[in-house]
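[1] heads up, no residue letters with this:
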């Protein structure tokens, strides 16, 4: 298992210093292997450290306890092999759509024509033709997140990290983005780690769902989602889908209640 | 476009109304010509000085002093603000100094700079820069501390090195707040320039006004006020235009 | 369920409340230590001959001069004079600026007439008025008070207008729908809601008032702290000059801090 895993968390822990100066444990003893091409959702109540786990994998937050390996090498910092999409979009507001998408390409030694071609292809993929010269603040939330996805995919990362990427969008837009994400994944499969607190979203998108418990966060259970014909319309109304949602919701609800009672 | 034309018309109209009121008050004889010269007399004086080139010489001197000090304040303030936001040692050393210097009346140090540097261009620029640097530093620091970490992280994961972050991300992200600081600093620079020129003499408009006052030449004093008011208006409006140009991407430009 | 959700959301790391008193003192010392470095440098540089003691008397000498100025009564007499001018000029600017700002915000015709005037006069560097005020009003208090008044009026007025105009319409509508008159809504709802802006305007006017006070006392006065600085400087009493500069700086800083403390108390209803 370990040898075939693209990403492996090995007894990862993390604590942060509170305002009062005390060390608060946020994550404890997290171990998880993710195979090449797998879509794994990290699901849990707010404050369970699921985003922190993603930031550790991204190399944004230094790893002090345990180890995270990507393709066998320990993570020591951010890298182009791990693309990231944030809930807040994190677009460069002073750059146009085109400049945002091209940003990562400019840092690879590619000929200019190749950069342009790739940028155009990605903007096309996320259906933003005609908006190339708009600034992010002139776009809707859904469009901004498409730009962020295109910007990340432009540098061709092996792994896609998504931190509640659709959490800031309205319900309809979120549905559309789910379908588009699956369509993109079908065309260009990628190992994906997806943080969410939305049970239905996790079931709809993920191959496996890791349910996290709060304070200090650790992985409580990993549920494999086996939904044939995921991209068919109406899959969300099938009994199998409903059963998965029910089961995961039970696990998460328990955690939320326990976390509250523990305070 | 209509908005800009409207503003220009509005300003012109206001100036015209003020001139008419001034004319009738002066013509009413309620004040002596010495206390309130007529706008015609002042205009004649400005035209005379313009024809002889005196206005342009003293105006150039004043504007160069003000803008040199302002530019120095901008550079030092921006560097200090970003340094305070990102380098712990810089923050530790300068935080108390800036928090005391920011509200303090910097003009009180003018005699100190005159003592150290002498009554010349250098001391004028120094006091202008010293007066204007604090708003820039404080605003830039606030901006640099407010740069979202996800912006920095995104840039890193797209292949930006830690060293490039400052130029690639922090600096552009800080521009709106830095401009706000500069917009506070510009009037301060102008006020300080005038006072410094009045106190040190010299060739600027402030010096010319004080000279005119000493010779009880009230059209000269009023001419100075008009020229400096117009200069202030143009410089501050120019700054606003620069802000709009630079912040085409910003939320305030969309509205 | 909903109860537990709110509790989860509210959890914040507040474990050891009683922070140790000793740590607080140490933190305070660490925070302000750079000032001590500055003071030591000021004392040592002239003593070690790094700078000419005539241009920068050591701090201790300046403090001694400060003591002499204070004992001789010069400091108090000139300080009170300056304070009087400042309070009159700034006070009048607030008394005139806040009502004018309110009127401009509330009545469109008033705004149409005075708005352009304000926008036209605001960018003018007010220190350019010093010579003409001297011509008109002489060397006494009136010229300084007028200058400070004119310099502080527009910042107060503009921030009041902007503050009132920035109040959420819903707030005023709900007051009106509860039967308040337009005027009652202005004083009962709009003015309190605009208070943060009004106070911010007064704060920047306070800083401006010090600048104009000191500038005008340099140039057209026979008393006041600005006069004291230039008098001592002209007479070559540099230790006294530095002492007076120090006093003015500390006063400006202290006034800002005091105003800030008072306005924060006045705005206690705001979160954070």
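    Perfect, thanks for sending it. Small disclaimer: the values here were computed from a predicted structure and weren't measured.

[2] and residue C:197, that one's in a helix?
    Yes. Assessed with DSSP: H, G, I helix; E, B strand; the rest coil, residue C:197 lies in a helix.

[3] Run through the residues that contact it.
    C:159, C:160, C:162, C:163, C:166 (C-beta atoms under 8 Å, 6 or more residues apart in numbering or on different chains). Heads up, the C-betas are built off the backbone N, CA and C, glycines and all.

[4] Reformat these as a markdown table; add distance to chain A, neighbour count and pLDDT.
    As requested, the contacts of residue C:197 are exported to a markdown table (distance: C-beta to the nearest C-beta, whole Å; neighbours: other C-beta atoms under 10 Å in any protein chain shown; pLDDT from 0 to 100):
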| residue | distance to chain A | neighbour count | pLDDT |
| --- | --- | --- | --- |
| C:159 | 27 | 24 | 94 |
| C:160 | 30 | 27 | 94 |
| C:162 | 23 | 17 | 91 |
| C:163 | 26 | 24 | 91 |
| C:166 | 21 | 13 | 86 |
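
[5] What about those, which are in helices?
    Using DSSP state H, the subset of the contacts of residue C:197 located in helices is C:159, C:160, C:162, C:163.

[6] And the closest residue to chain C within the stretch 101-250 of chain A, what's its pLDDT?
    Of all residues in the stretch 101-250 of chain A, residue A:214 sits closest to chain C, at 7.6 Å by C-beta to the nearest C-beta. As predicted, residue A:214 sits at a pLDDT of 77.

[7] pretty sure it contacts residue A:50?
    No. Contact criterion C-beta atoms under 8 Å: residue A:214 and residue A:50 do not qualify, at 9.7 Å.

[8] Which of these two has more residues huddled nearby?
    Taking neighbours as other C-beta atoms under 10 Å in any protein chain shown, residue A:214 and residue A:50 compare with residue A:50 leading, 29 against 23.

[9] how about that one, what does it touch?
    A:42, A:43, A:44, A:195, A:197, A:212, A:217.

[10] And it, how close does it get to residue A:189?
    According to C-beta to C-beta, to the nearest Å, residue A:50 stands 23 Å off from residue A:189.

[11] same thing with residue C:173?
    Plainly put, residue C:173 is 55 Å away from residue A:189 if you go by C-beta to C-beta.

[12] can you check residue B:209 too?
    Counting by C-beta to C-beta - residue B:209 and residue A:189 are separated by 76 Å.

[13] Could you check which of the two is surrounded by more residues?
    residue B:209 (28 against 12).

[14] Setting aside sequence neighbours, what's the nearest residue to that one?
    Spatial nearest neighbour of residue B:209, excluding adjacent residues (C-beta to C-beta, 6 or more residues apart in numbering or on different chains): residue B:224 at 3.6 Å.

[15] count of residues packed around the one you found?
    32.

[16] Quick one: residues contacting it.
    Residue B:224 makes contact with B:205, B:206, B:208, B:209, B:212, C:128, C:131 under the criterion C-beta under 8 Å, 6+ apart.

[17] Equivalent analysis for residue B:8, please.
    With contact set as C-beta under 8 Å, 6+ apart, residue B:8 has no partners.

[18] got a markdown table for the contacts of residue A:50, with neighbour count too?
    As requested, those are exported to a markdown table (neighbours: other C-beta atoms under 10 Å in any protein chain shown):
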| residue | neighbour count |
| --- | --- |
| A:42 | 29 |
| A:43 | 29 |
| A:44 | 29 |
| A:195 | 24 |
| A:197 | 18 |
| A:212 | 25 |
| A:217 | 28 |
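
[19] quick one: low-confidence parts of the stretch 1-150 of chain B?
    Within the stretch 1-150 of chain B, the segments meeting pLDDT under 70 span B:1-3.

[20] and with 90 instead?
    Within the stretch 1-150 of chain B, the ranges that satisfy pLDDT under 90 run B:1-15, B:18, B:26-36, B:49-57, B:118-119.
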